[in-house]
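Trainee: structural data only, the sequence is not supplied:
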């Protein structure tokens, strides 16, 4: 790591070079990500599977079946499941209390004004998990979406070695 001090000669030039390097890195990463997004938009799950193989060295199905989910749940210690259930209930209660209500107003001129709240049809959830499991990310993303009325959730989570952590 290069250390810069404002008191050292040439600080301004060194700092400008550091910023320029960061900008170039950001630009190249942005371009690479844009290319991947375009490829996945065009190629769908096939392209996604190709990138998963390329970057993660894993090839397999991208979907988790209901049977696999049931098997994962059965493998989790009962006390841990109870803790997750309690957390889920608390999160749900909190988000239900925050649900907005539709509003209808009749103004003095006789106009009816209002706001109507509605859910999205679907939502994508990203749950980190390369080195550790984060079931809290599942709960804090999925439960508010469900409370809001989102009908379809799609979750993406890293699976080191091709194994989905049963906690997520």
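Mentor: Arrived safely. Please read these numbers as outputs of a predicted model, since none were measured by experiment.
Trainee: when you work out contacts or count neighbours from here on, use the C-alpha atoms and nothing else.
Mentor: OK.
Trainee: now stretch 69-81: mean pLDDT?
Mentor: On average, the pLDDT along stretch 69-81 is 95.
Trainee: contacting residues for the most centrally placed residue in the chain?
Mentor: In the chain, the centroid-proximal residue (C-alpha atoms, centre = their mean) is residue 126; its distance is 2.3 Å. Contact partners of residue 126, counting by C-alpha atoms under 8 Å, 6 or more residues apart in numbering, are 155-157.
Trainee: from residue 17, how far out is it?
Mentor: To residue 17, residue 126 is 35 Å away according to C-alpha to C-alpha, to the nearest Å.
Trainee: looking at the sheet around the residue nearest to the centre of the chain, what are its partners?
Mentor: Beta-bridge partners for residue 126, by DSSP bridges, are residue 156.
Trainee: quick one: it from residue 148, how far?
Mentor: 18 Å.
Trainee: other residues contacting stretch 44-62?
Mentor: Contact partners of stretch 44-62, identified using C-alpha under 8 Å, 6+ apart, comprise 39-40, 161-162.
Trainee: hmm, 7 Å instead?
Mentor: For stretch 44-62, the external contacting residues (C-alpha atoms under 7 Å, 6 or more residues apart in numbering) are 39-40, 162.
Trainee: stretch 155-168 too?
Mentor: 58, 72-73, 76, 124-130, 133-135, 138.
Trainee: where is pLDDT lowest across the residues you listed?
Mentor: residue 130 (76).
Trainee: once you drop chain neighbours, what's closest to it?
Mentor: If the residues on either side of it in the chain are set aside, residue 130 comes closest to residue 158, at 5.4 Å by C-alpha to C-alpha, 6 or more residues apart in numbering.
Trainee: equivalent analysis for residue 72, please.
Mentor: The shortest distance from residue 72 to any non-neighbouring residue, by C-alpha to C-alpha, 6+ apart, is to residue 166 (4.6 Å).
Trainee: show the pLDDT at that neighbour.
Mentor: 92.
Trainee: that older thread, whichever of the contacts of stretch 155-168 end up buried, select them in ChimeraX.
Mentor: Here is the ChimeraX selection string for the buried members of these, based on 16 or more other C-alpha atoms under 10 Å:
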select :58,127,128,129,133,134,135,138
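Trainee: so for whatever helix or strand residue 87 lives in, what gets flagged as buried?
Mentor: Using DSSP states H and E, residue 87 falls within helix 78-97. Neighbour-count burial for helix 78-97 flags 84, 88, 91-92, 95 (criterion: 16+ other C-alpha under 10 Å).
Trainee: good, we can wrap up now.
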